[in-house]
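Peer 1: Here's a sequence, model it:
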Amino acid sequence: LLDCKVSSLSSPSSSLPCMSSQVAGVVCEAPTPCVDGNVRLLVGMGTDFYSEEDTFSSEQPFLFTDGRLRRGRVEVCVEGAYRTICDDSWDNNAASVVCRQLGFSPYGAIPDVQETFAESDPRVASISSISCNGSEASIGLCNISTQINTDCGEGEDAGIFCQSHAVQANCTHGSLRLMGGANVREGRVELCLNNAWGTVCD
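Peer 2: Numbers count the residues shown, from 1 in each chain. Coordinates of the predicted model:
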């Protein structure tokens, strides 16, 4: 501490004694250990930040299902500590695995990239890459590069958007169809995303 810049020192003989109510204090927070391969989601809402470990009801169903967070930044436990993932190699397969591991449908899982879900914690290191084939039961079974990426900013965190009850469809990612119309030239627009049909908000 003495190596830091000190404006003044107070002692009993000092002409400007430090009152007891002015004595500096600290609260040390030990990181909570995690099990390697576990994943969690984190998202910021205003000044509050929530993880998928929190359970509560919400009026924002696009973020929560049955009190569980289904969209946010992905953090994976490696060597006893949660780390963010750089989104350079983040794809549909990895998103499907994380959603499956969290108890959501793996179909229609959307990888979010180049977004800021929550304020970055400088203590949380970024994993360079994760490669999955999409069938893994958990992210720990994917190929994880434990190399720390120091160039990955908070706007490059890998995230996901899980669907609560999406059903597998035999469709090509990015294809379109019209449904419910009077003929083949009209109807509700549906888009195939990661093996599931979804509607488009107007």
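Peer 1: Touching, residue 196 and residue 169? I think so.
Peer 2: Yes: using CB atoms under 8 Å, residue 196 is in contact with residue 169, at 5.5 Å. For the C-beta atoms, the positions are set from N, CA and C on the backbone; glycine is no exception.
Peer 1: neighbour count winner among the two?
Peer 2: Between residue 196 and residue 169, residue 196 has the larger neighbour count (other CB atoms under 10 Å), namely 22 against 18.
Peer 1: how close does the closest residue to the more buried one other than its chain neighbours sit to residue 162?
Peer 2: For residue 196, ignoring the flanking residues on the chain, the nearest one in space by CB to CB, 6 or more residues apart in numbering is residue 108 at 3.2 Å. According to CB to CB, to the nearest Å, residue 108 stands 8 Å off from residue 162.
Peer 1: show me where the protein has strands.
Peer 2: 39-45, 48-51, 64-65, 68-69, 71-78, 81-85, 105-115, 126-131, 143-148, 157-163, 176-180, 187-192, 197-199 (DSSP state E).
Peer 1: and of these, who's closest to residue 94?
Peer 2: Minimum separation from residue 94 across the strands of the chain (CB to CB) falls at strand 126-131, 5.5 Å.
Peer 1: who does that closest one touch, helix- and strand-wise?
Peer 2: Here strand 126-131 touches strand 71-78, strand 81-85, strand 143-148, going by 3 or more CB pairs under 8 Å, 6 or more residues apart in numbering; DSSP states H and E.
Peer 1: partners of it, with directions?
Peer 2: Strand pairing for strand 126-131, using DSSP bridges, gives strand 81-85 (parallel), strand 143-148 (antiparallel).
Peer 1: Compile the ones you listed into a markdown table and extend it with columns for mean neighbour count, distance to residue 33 and mean pLDDT.
Peer 2: As requested, the strands paired with strand 126-131 are arranged in a markdown table below (neighbours: other CB atoms under 10 Å; distance: least, CB to CB, whole Å; pLDDT from 0 to 100):
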| stretch | mean neighbour count | distance to residue 33 | mean pLDDT |
| --- | --- | --- | --- |
| strand 81-85 | 22 | 8 | 86 |
| strand 143-148 | 13 | 17 | 77 |
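Peer 1: Serialize those to a markdown table and add fields for distance to residue 1.
Peer 2: As requested, the strands paired with strand 126-131 are exported to a markdown table (distance: least, CB to CB, whole Å):
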| stretch | distance to residue 1 |
| --- | --- |
| strand 81-85 | 26 |
| strand 143-148 | 28 |
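Peer 1: Which of those strands sits closest to residue 136?
Peer 2: strand 143-148 (9.8 Å).
Peer 1: about what we covered before: out of the helices and strands packed on strand 126-131, which is closest to residue 95?
Peer 2: Counting by CB to CB, and looking across all of the helices and strands packed on strand 126-131, nearest comes strand 71-78 at 8.4 Å.
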